[in-house]
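1. Mind looking at a prediction? Sequence and model below.
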Amino acid sequence: MSRIDGFEPPLHAAALDRATFSANEYGRRPAVEDRYPLPELAVVVPTLNERLNIRPFLGLLEAALEGVAWEVIFVDDDSRDGTAAEVRAIARQDRRVRCIQRLGRRGLSTACIEGALACAAPYIAVMDADLQHDERLLPQMLNLLRTEAFDVVVGSRYVDGGGVGEWTRGRANISNFATRLSRIICKVAIADPMSGYFMMRREAFEGAMRNLSGQGFKILLDLLASSPEPLRVRELPFQFRQRRHGDSKLDTLVAWEFVTLLADKLVGHIVPVRFVLFALIGALGLVVHMGILRTALAMLGFGFPESQALATMVAIASNFFLNNLFTYRDQRLRGWKLARGFVSFALICGLGAIGNIGIASYIFAHDHRWWAAGAVGAAVGLVWNYSVSSVYTWKARS
Ligand code: GDD
Ligand code: MN
């Protein structure tokens, strides 16, 4: 910018000038990585109420990764114990530490996915915050990826030298059974597809990321099943340690999420798994309906219209609660939202029933095959109930 004696260009013009200069320069200066070492390894750690584990975890990580340029991204689902605040307190002093806090969301797998999406490192590790995963494996995992043709290196409990420590017999059996089931969808031979501890190449993640189902706890299994090319996997043994602070979030419904992951990988490309669940619960509702109808008629001595009305109400209620518990587990309604959801669901199903009966009667009037008319009516009702309730009752995000 030319400068005339005695004339100061307006401040913003000068600032813009400087900004344009540095924008053109940006990225061309050679020494960026000398001034700020760029992470080669990003460690993604999902957290839910792990505040007391954060500092011990970082201490172990730092010791294990000496000489490696690393960063760690905690993905916290709005823990009530102040995990995110703890991570940020540390992040103010250590640029290797970052926090993604998600509001109103849950899910170990989606947390890992979003952590991986939020970094740029060529290698990404996924591990738990509770010190159960042996961090001393990390350098070896990294070296294998750097020097050999593997896409994923897995910390494995089920190869020689690995183990699950002091698990109860019951949990070990369940894990064993689930591992066998998971081989149905897994494209590669692997002893521990259910492990939550692994390191991958960024390209392997990016190749699979749009196909990931994100259901539940089993992010490694999801990755292996979703990758368009079979991934080249290497397993390293480790001993699964005992938790020191806090509790496991693995509950019985995690098993259910595992089933939905399997279902999604098996039929998800044909119909959405939610729809399948909704239809199955609908079929169960029919059984409930018939049971109540019969009981009311035969045992309570009600007339047919009252019995039919009672059976309908009970079936709608049971469908609502089962769908809320299973089909929409990830966005389960509670408190007054549960009450409001129930009212909207009942109204939607009422309209669905009217449409069902209307269409079935119309078809029956033209074509006297009762079963065809009935089936078409029921299918229309099902699709209506599913699609409208997914928007108005559960406000599905996807
Ligand atoms: N962000 C987020 N959201 N994190 C979560 C959630 C969630 O909904 N649920 C659990 N976590 C975090 C926990 O805070 C912990 O850091 C990690 O995920 C594992 O959770 P745990 O509750 O400790 O699981 P676990 O020890 O029973 O199960 C582990 O071992 C399994 C193999 O038996 C996990 O590594 C599983 O992924 C693994 O399959
Ligand atoms: Mn754990």
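-> Sure, I can see it. Ligands and ions are numbered 1, 2, ... in the order given.
2. What is the biggest helix by length in the chain packed up against?
-> Ranked by residue count, the top helix of the chain under DSSP state H comes out as helix 335-366. Secondary structure elements in contact with helix 335-366, counted by 3 or more C-beta pairs under 8 Å, 6 or more residues apart in numbering; DSSP states H and E, are helix 304-322, helix 370-392. All C-beta atoms are positioned from the backbone trio N, CA, C, and that covers glycine.
3. ranges for the helices of the protein?
-> Along the chain, the stretches classed as helices by DSSP H are 11-25, 32-35, 51-64, 83-91, 108-117, 138-147, 169-182, 202-208, 219-226, 252-267, 273-294, 304-322, 335-366, 370-392.
4. Can you spell out the domain ranges of this structure, please?
-> Following automatic domain parsing, one finds the domains of the chain at 33-267, 273-392.
5. With respect to burial, which of the ones you listed scores highest?
-> For the domains of the chain, the largest average neighbour count (mean count of other C-beta atoms under 10 Å) is found in domain 33-267, namely a mean of 18.
6. Report the angle between the longest helix of the chain and helix 273-294.
-> Interaxial angle of helix 335-366 relative to helix 273-294 (axes from the mean of the first three to the mean of the last three C-alpha atoms, to 10 degrees): 80 degrees.
7. returning to what we had before: the domains of the chain into CSV, with extra columns for mean pLDDT?
-> Listed next are the domains of the chain as CSV, based on pLDDT from 0 to 100:
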stretch, mean pLDDT
domain 33-267, 92
domain 273-392, 91
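8. Can you check which of those domains gets nearest to ligand 2?
-> Ligand 2 lies closest, by C-beta to the ion, to one member of the domains of the chain: domain 33-267, at 4.3 Å.
9. any bit of the closest one sitting next to ligand 1?
-> Yes - Domain 33-267 reaches ligand 1 (C-beta under 6 Å from any ligand atom) through 46-48, 50, 75-77, 106-108, 111, 128-130, 132, 175, 194, 196, 217-218, 248-250.
10. Identify those among these that sit within strands.
-> Of the positions in the residues of domain 33-267 next to ligand 1, Pro46, Thr47, Val75, Asp76 sit in strands, assigned by DSSP state E.
11. Identify the bridge partners of the last one.
-> Following DSSP bridges, Asp76 is listed with bridge partners Thr47, Gln101.
12. Tell me if I'm right that it and Asn49 touch.
-> No - Asp76 is beyond contact range of Asn49, at 9.1 Å (criterion: C-beta atoms under 8 Å).
13. quick one: common contacting residues for those two?
-> The contact sets of Asp76 and Asn49 overlap at Thr83 (C-beta atoms under 8 Å, 6 or more residues apart in numbering).
14. Could you save the ones in strands among the residues of domain 33-267 next to ligand 1 as TSV and add columns showing distance to Asn324?
-> Converted to TSV, these look like this (distance: C-beta to C-beta, whole Å):
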residue	distance to Asn324
Pro46	25
Thr47	26
Val75	26
Asp76	25
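15. which of those lies closest to Gly301?
-> In terms of C-beta to C-beta, no member of these lies closer to Gly301 than Pro46, at 56.1 Å.
16. Excluding sequence neighbours, find me the nearest residue to the closest one.
-> Of all residues beyond its chain neighbours, the one nearest Pro46 is Ala111 (3.9 Å), with distances taken as C-beta to C-beta, 6 or more residues apart in numbering.
17. My read is that that neighbour contacts Asp78, right?
-> No - proximity of Ala111 to Asp78 does not meet the contact threshold set by C-beta under 8 Å, at 11.1 Å.
18. Overlap of the contact sets of those two?
-> Arg102.
19. Contacts only, for Leu284.
-> For Leu284, the set of contacting residues under the criterion of C-beta under 8 Å, 6+ apart consists of Ser318, Asn319, Leu322.
20. For Leu52, which non-adjacent residue is closest in space?
-> His245 (3.9 Å).
21. how about that neighbour, phi and psi?
-> Dihedral angles phi and psi of His245 (degrees, to the nearest 10) take the values phi -120, psi 150.
22. Please consider this matter closed, and thank you.
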